[in-house]
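Enquirer: prediction below, plus the sequence it came from.
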Amino acid sequence: MAVPAPVPVIVLAGYLGAGKTTLLNRVLREPGARVGVIVNDFGDINIDVGLVTGQVDQAASIAGGCLCCIEDVSELDDALEQLSAPRLALDAIVVEASGLADPVALAQLIRDRESERTRLAAVVDVVDAADHFGTVDDGDLPPLRYQVASLVVVNKLDRLPEAEREPMVERIRARVRERNARAEVVGAVGGRIDAALLFDVARPEEDPDQLPLRELLIEAAASGNPLHGTGHDHVHAHSATATSEGPVDAARVLAALERPVPGAYRLKGHFAVRTAAGRRGFTANAVGGYLHLAERKPPRQNALVAIGVDLDEGAARSALEAALDPAESEPHGPSLMRLERHVRLSGG
Ligand SMILES: Nc1nc2c(ncn2[C@@H]2O[C@H](COP(=O)(O)OP(=O)(O)OP(=O)(O)O)[C@@H](O)[C@H]2O)c(=O)[nH]1
């Protein structure tokens, strides 16, 4: 019997809140390819995996830290093994990395696990058009991550005035080109890219010189402090998680979302609030001060995760626990109206 070809693995990277999950969900909604997903996130619970399951053929979750720094990689090995089982006949496996993961180290990690069952096929880097030069590309030299990218998606173009959108894509393309002559660089809003593009960049059997990963890791280590003995250096995030059961107070949860604790660049989760007419559920997403709320079916468990490089984990946990304390829950009309206003402003 013919041995099936290895399943292509696509690494989906990008800074905190750049739009990786949004893009993944868009792509998964397109009919056609059978895709498996491995979602890695901060926090004790994995909010992102909840957002992609249901749309995907197979999903696995690796919570609790940055995949490229986790010392025990057995969970990743198990997930790759499971998802590449020939009976699933998946066309691709997408590994969605947590927001501060180093794409170079991630690519190396997947490359190290290549077998007859899987092969590293592409690295897709999602960037936030409005924040990219303040977060990811903030030095004189373009970041090394550009060198491993097969596709760079300049997302959130709607956050820029119309006249600045194309120039921003061009500016990022020029920086990428300084390190990488082949990567595709495309603009997007809401992660809307042609799904074929994602699978096309993953298609060609890669030539062996295309991703000189070890050399890149050595270069990265030489220009900074090697961490965790893996020879790569990247900024680490702190995170705090809180969960509770039962409907919570709209005013309290709003206070935590509208004025996140200092250092919480990213805040996400879901919760149910008590209203005079019963329970209502919401999904919250805050990135760098922008709050996005959407209505959803009331979740069984409330959960909020705060992430940031300068986050005080203890203070953040206390603030999130207070926000999700169901004991004080009151059906406040004005707070509910404020929640609804956020949903309207978020287009949800
Ligand atoms: N304005 C705007 N918001 C967007 C766009 N794409 C995604 N968002 C919003 O940005 C927030 C973060 O999006 P996610 O897709 O969760 O980002 P992520 O990169 O997966 O986030 P982490 O995994 O937590 O790092 C959500 O509220 C999205 O709705 C976009 O093109 N424009």
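Expert: That came in fine, so what should we check first? Numbering: from 1, shown residues only.
Enquirer: please make it C-alpha for all contacts and neighbour counts, starting now.
Expert: Noted.
Enquirer: so how many other residues sit close to Thr135?
Expert: Burial measure for Thr135: 13 neighbouring residues, criterion other CA atoms under 10 Å.
Enquirer: quick check: phi and psi on the nearest residue to it once chain neighbours are set aside?
Expert: For Thr135, ignoring the flanking residues on the chain, the nearest one in space by CA to CA, 6 or more residues apart in numbering is Tyr15 at 7.7 Å. Dihedral angles of Tyr15 (phi, psi; degrees, to the nearest 10) stand at phi -60, psi 160.
Enquirer: Tyr15 contacts Glu96, doesn't it?
Expert: No - using CA atoms under 8 Å, Tyr15 and Glu96 do not qualify as a contacting pair, with a distance of 11.5 Å.
Enquirer: comparing these two, which residue is more hemmed in?
Expert: Legend: neighbour count by other CA under 10 Å for Tyr15 and Glu96, higher for Glu96 (25 against 21).
Enquirer: distance of that one relative to Cys68?
Expert: Distance check for Glu96 against Cys68: by CA to CA, to the nearest Å, it reads 12 Å.
Enquirer: mind listing the strands for the stretch 51-200 of the chain?
Expert: Applying DSSP state E, counting those that start in this stretch to the stretch 51-200 of the chain gives strands spanning 58-63, 92-96, 118-128, 151-155, 184-187.
Enquirer: what's next to stretch 105-119, contact-wise?
Expert: Residues from elsewhere that reach stretch 105-119, judged by CA atoms under 8 Å, 6 or more residues apart in numbering: 4-9, 11, 67-68, 77, 80-81, 84-85, 120, 123, 148, 213-214, 217, 232.
Enquirer: what are the buried residues along it?
Expert: By neighbour count, with 16 or more other CA atoms under 10 Å as the criterion, the buried positions of stretch 105-119 are Ala105, Leu106, Ala107, Gln108, Leu109, Ile110, Arg111, Arg113, Glu114, Arg117, Thr118, Arg119.
Enquirer: from one end of that stretch to the other, what's the distance?
Expert: Across its full length, stretch 105-119 reaches 15 Å between end residues, using CA to CA.
Enquirer: again, but for stretch 181-190
Expert: Across its full length, stretch 181-190 reaches 26 Å end to end, with CA to CA as the criterion.
Enquirer: for the stretch 151-300 of the chain, which segments are assigned as helices?
Expert: Secondary structure of the stretch 151-300 of the chain by DSSP state H, counting those that start in this stretch: the helices cover 162-179, 195-202, 213-222, 250-258.
Enquirer: please identify the deepest-packed of these.
Expert: Of the helices of the stretch 151-300 of the chain, the one with the most neighbours on average (mean count of other CA atoms under 10 Å) is helix 250-258, at a mean of 20.
Enquirer: which strands and helices sit next to that helix?
Expert: Judged by 3 or more CA pairs under 8 Å, 6 or more residues apart in numbering; DSSP states H and E, helix 250-258 is in contact with strand 266-275, helix 313-323, helix 333-345.
Enquirer: how is the protein partitioned into domains?
Expert: 7-222, 238-345 (automatic domain parsing).
Enquirer: lowest average pLDDT across those domains?
Expert: Comparing the domains of the chain by mean pLDDT, the weakest confidence falls on domain 7-222, with a mean of 83.
Enquirer: now that domain, how far from the centre of its chain.
Expert: Using CA atoms, centre = their mean, to the nearest Å, we find the averaged C-alpha position of domain 7-222 to lie 9 Å away from the chain's own average C-alpha position.
Enquirer: what residues are up against Leu257?
Expert: Contact analysis of Leu257 by CA under 8 Å, 6+ apart lists Leu267, Ala284, Ala286, Leu291.
Enquirer: most surrounded residue in the residues you listed?
Expert: Among these, Leu267 has the most neighbours (other CA under 10 Å), with 28 neighbours.
Enquirer: residues in a beta bridge with that one, which ones?
Expert: Note on Leu267: beta-bridge partners Ala286, Ala306, judged by DSSP bridges.
Enquirer: start at 55, not 1
Expert: Let's use 55 as the start, then, which means that last one is Leu321.
Enquirer: wait, what's in contact with it?
Expert: Residues in contact with Leu321 (CA under 8 Å, 6+ apart) are Leu311, Pro314, Ala338, Asn339, Ala340, Val341, Leu358, Val359, Ala360, Ile361.
Enquirer: thinking again about what came up before, need the helices of the stretch 205-354 of the chain in a markdown table with distance to the ligand, can you?
Expert: Supplementary listing: those in a markdown table, determined by distance: least, CA to the nearest ligand atom, whole Å:
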| stretch | distance to the ligand |
| --- | --- |
| helix 216-233 | 12 |
| helix 249-256 | 15 |
| helix 267-276 | 22 |
| helix 304-312 | 12 |
